[in-house]
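Asker: take this sequence and fold it.
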Amino acid sequence: MESDCNTVLESGSFAPEKADPSAPASIRVVDWNIERGLHLDEVIDFLAAANADLVLLQEVDLNARRTQRLNVAREIAQKLRMNYVFGCEFVELTQGSRHSPAYHGQATLSVWPLSSSRILRFQQQSAFWRPRWFLPAILPLQARLGGRMALVTELDLGGRPLISYNLHLESRGNTNLRRAQIAECLHDARRFDGSTPVILAGDLNLDVNRGEANSDFSREHFDSPFMVRQIPTAHGRFSQRGLSIDWIFTRGAIAVSQPQVHSSVAASDHYPLSLVVDFI
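Answerer: Below is the predicted model of the structure:
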């Protein structure tokens, strides 16, 4: 396996051929930070029950000690009979070895074909995760190589295109850093025609209801039904209340309905988000 995170982009196809390959009128979308897949059986159980057409996952392990060396994205795709692509965010130096590296990143899964997948590695990054010569690469220290990114994937929905941006923004930087990373995604999305359906979702480590991030999205014609819902999407730390940091935004010739934060799901320190996309 490669030790350079920039080259790790893995995909697999497990979805059966559709009996009716015509474009659907709507699709169901789930976004979820699955906390590395530490509770993988419970993650798969929820996703199976959700019956989603498109799943965007953050904090997905590949060959890490803490998740029994599993290829988490592949395990989920095989069990749910979906196509998948995994993009590397970090090489986890304390979870693998020189000859058998461990990776951590994002995975996009769908019952529809996936293509043209690429990693949009943010130019603006925190230096927090870099290994230091004076710190050993051992647990519980979390030395990493790589950087935050968006996994960009094109879906073919029976001849109808849809673009997905699967994000994980920096947890250790400040709001300005996270807004800069959002800006890189929004700028990249300009390459697609304004009517092309685009879904931008993930763990933003940012409450978009606060500050100027909301304006950043609205200027680029992205909207989210979760803006009007003050529902925590991640567990609070210590005495903090829950955090609203996971989001699904959309743009293009689509309408959204049935937004939901699944607060009863305990398989991760984040809750799954879901909605239905209706094509106009």
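
Asker: can you pull up the bridge partners for the closest residue in space to His221 that isn't next to it in sequence?
Answerer: Nearest residue to His221 in three dimensions, chain neighbours excluded: Arg251, at 5.1 Å (C-beta to C-beta, 6 or more residues apart in numbering). Quick note: C-beta positions are derived from backbone N, CA and C, even for glycine. With DSSP bridges as the criterion, Arg251 is bridged to Val198.

Asker: select the longest helix from the protein.
Answerer: Ranked by residue count and defined by DSSP state H, the top helix of the chain is helix 175-189.

Asker: not counting its own residues, what contacts that one?
Answerer: 120, 122-124, 126, 148, 150, 152, 163, 165, 167, 169-170, 198, 200, 204-206, 211-213, 216-217, 220, 222, 251 (C-beta atoms under 8 Å, 6 or more residues apart in numbering).

Asker: for the residue nearest to His221, give me the pLDDT.
Answerer: The model reports Arg251 with a pLDDT of 98.

Asker: residue contacts, it?
Answerer: Ala189, Gly194, Pro197, Val198, Leu200, Glu220, His221, Phe222, Asp223.

Asker: if we go to 7 Å?
Answerer: Contacts for Arg251 (C-beta atoms under 7 Å, 6 or more residues apart in numbering) come out as Val198, His221, Phe222.

Asker: need the residues you listed in a markdown table with pLDDT and neighbour count, can you?
Answerer: Output for the contacts of Arg251, formatted as a markdown table (pLDDT from 0 to 100; neighbours: other C-beta atoms under 10 Å):
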| residue | pLDDT | neighbour count |
| --- | --- | --- |
| Val198 | 98 | 23 |
| His221 | 97 | 14 |
| Phe222 | 97 | 22 |
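
Asker: ok, of the contacts of helix 175-189, which come out buried?
Answerer: Neighbour counting with 16 or more other C-beta atoms under 10 Å marks 120, 122, 124, 126, 148, 150, 152, 163, 165, 167, 169-170, 198, 200, 204-206, 213, 216-217, 220, 222, 251 as buried within those.

Asker: name the residues that touch stretch 18-31?
Answerer: So stretch 18-31 is in contact with 47, 50-56, 157-160, 199, 201-202, 246, 248, 272-279, going by C-beta under 7 Å, 6+ apart.

Asker: just these: which are in strands?
Answerer: Per DSSP state E, strands hold the following members of the contacts of stretch 18-31: 54-56, 157, 160, 199, 201-202, 246, 248, 273-279.

Asker: pLDDT below threshold where in this structure?
Answerer: 1-3, 129, 131-142, 237-240 (pLDDT under 70).

Asker: 50 instead, please
Answerer: Within the chain, the stretches with pLDDT under 50 are 1, 239.

Asker: just the strands in it please.
Answerer: 9-13, 26-36, 54-62, 83-92, 103-110, 114-121, 144-146, 149-157, 160-168, 198-203, 246-251, 254-261, 273-279.

Asker: want to throw those strands into a markdown table with distance to Arg179?
Answerer: Shown next, in a markdown table, are those (distance: least, C-beta to C-beta, whole Å):
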| stretch | distance to Arg179 |
| --- | --- |
| strand 9-13 | 26 |
| strand 26-36 | 19 |
| strand 54-62 | 18 |
| strand 83-92 | 19 |
| strand 103-110 | 20 |
| strand 114-121 | 16 |
| strand 144-146 | 21 |
| strand 149-157 | 14 |
| strand 160-168 | 13 |
| strand 198-203 | 14 |
| strand 246-251 | 13 |
| strand 254-261 | 23 |
| strand 273-279 | 21 |
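
Asker: tell me which of those lies nearest to Ala77.
Answerer: Shortest distance between Ala77 and those, using C-beta to C-beta, is found for strand 83-92: 3.8 Å.

Asker: what's the spacing between the residue lying closest to Gln260 once chain neighbours are set aside and Gln258?
Answerer: Nearest non-adjacent residue to Gln260, counting by C-beta to C-beta, 6+ apart: Ser274, 5.2 Å away. Computed as C-beta to C-beta, to the nearest Å, the Ser274 to Gln258 distance reads 7 Å.

Asker: one more: Phe46?
Answerer: Taking C-beta to C-beta, one finds Phe46 at 16 Å from Gln258.
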